[in-house]
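**Student:** Sharing a sequence plus its predicted fold:
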Protein chains: 2
Amino acid sequence: MVTIKRKQSEAVFRAIADPTRREILGLLRGGGRTVGTVAANFRTSRPAISKHIRLLRSAGLVTTRKSGTARICQLNGKPLRAVNKWLRDYEAFWDENLRKLKQYVEENP
Amino acid sequence: MVTIKRKQSEAVFRAIADPTRREILGLLRGGGRTVGTVAANFRTSRPAISKHIRLLRSAGLVTTRKSGTARICQLNGKPLRAVNKWLRDYEAFWDENLRKLKQYVEENP
DNA sequence: CTTTATCGTAACCATACGGTTACCAATAAT
DNA sequence: ATTATTGGTAACCGTATGGTTACGATAAAG
């Protein structure tokens, strides 16, 4: 199970590495959209977008449901928790105040 | 300038996509280390690690300084702010409470 | 000065990635 | 029944990625 989770988080990091996929996620923040509607926002071909969506789906970031011939994509943000969790360990390395507070606490037992 | 920043953040997302590079960053959280010391933690060859470090450096996540023949790597977390900033827009999509609060606020003007 | 340790880089290789075009399946519309 | 809409997937292509080995540069040690 730990292995599965690790693989999942692995997929998420890879999924958000691509700017087009991040843009797709951004679009879906505005609500569910069909694949075609999503694709219309890009210059690239629909099959290319379709492949991106497939990858996002396998990373758990997007779910789809059929509606007639259309297929509606929905954002699922939960897997992003893994990224957020990972980031927390680095917060002290970009937040100067937090870094100094941490240092203070460590140096004054 | 905006373009530069965008490219930088782009590089950061790419950089953290690789598990080996994330592990390197994790090691560096424990303080500065030489390239060789970092490489010793992996099965892959030193040149491979060296290339990862080069990429991390170009993303601004690692800085290096020479000390004799050695080269000491240091973590720089600041570029991770971009990832954190990006993530904030999705917080409502994994935090159920936040999502509901947002919904309440929007529905009760 | 010669030797050793540390590291970067070039050259090369297999595979993954992101894109395209062509085609097919399924449902809706006529 | 026929046609149009929607979208998934296969086949292919150029490039990026991550790895290796071989070599060279540089500073410390002898």
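**Tutor:** Right, received. Where do you want to start?
**Student:** looking at chain A, which helix or strand does the model trust least?
**Tutor:** The weakest-scoring helix or strand in chain A, judged by mean pLDDT, DSSP states H and E, is helix A:96-107 (a mean of 74).
**Student:** can you map out the strands along chain A?
**Tutor:** Taking DSSP state E as the criterion, chain A carries its strands at A:33-34, A:62-67, A:70-75.
**Student:** quick one: is the shortest one near DNA strand D?
**Tutor:** This points to strand A:33-34. Yes. Residues of strand A:33-34 contacting DNA strand D under Cβ under 7 Å from any atom of the strand: A:Thr34. All C-beta spots, glycine's among them, are computed from the backbone N, C-alpha and C.
**Student:** Check which helices and strands that strand is in contact with.
**Tutor:** strand A:70-75 (3 or more Cβ pairs under 8 Å, 6 or more residues apart in numbering or on different chains; DSSP states H and E).
**Student:** in the strand it packs on, what counts as buried?
**Tutor:** For strand A:70-75, a neighbour-count test (16 or more other Cβ atoms under 10 Å in any protein chain shown) marks A:72-73, A:75 as buried.
**Student:** And stretch A:83-94, by the same measure?
**Tutor:** Quick answer for stretch A:83-94 (16+ other Cβ under 10 Å): A:83-84, A:86-87, A:90, A:92-94.
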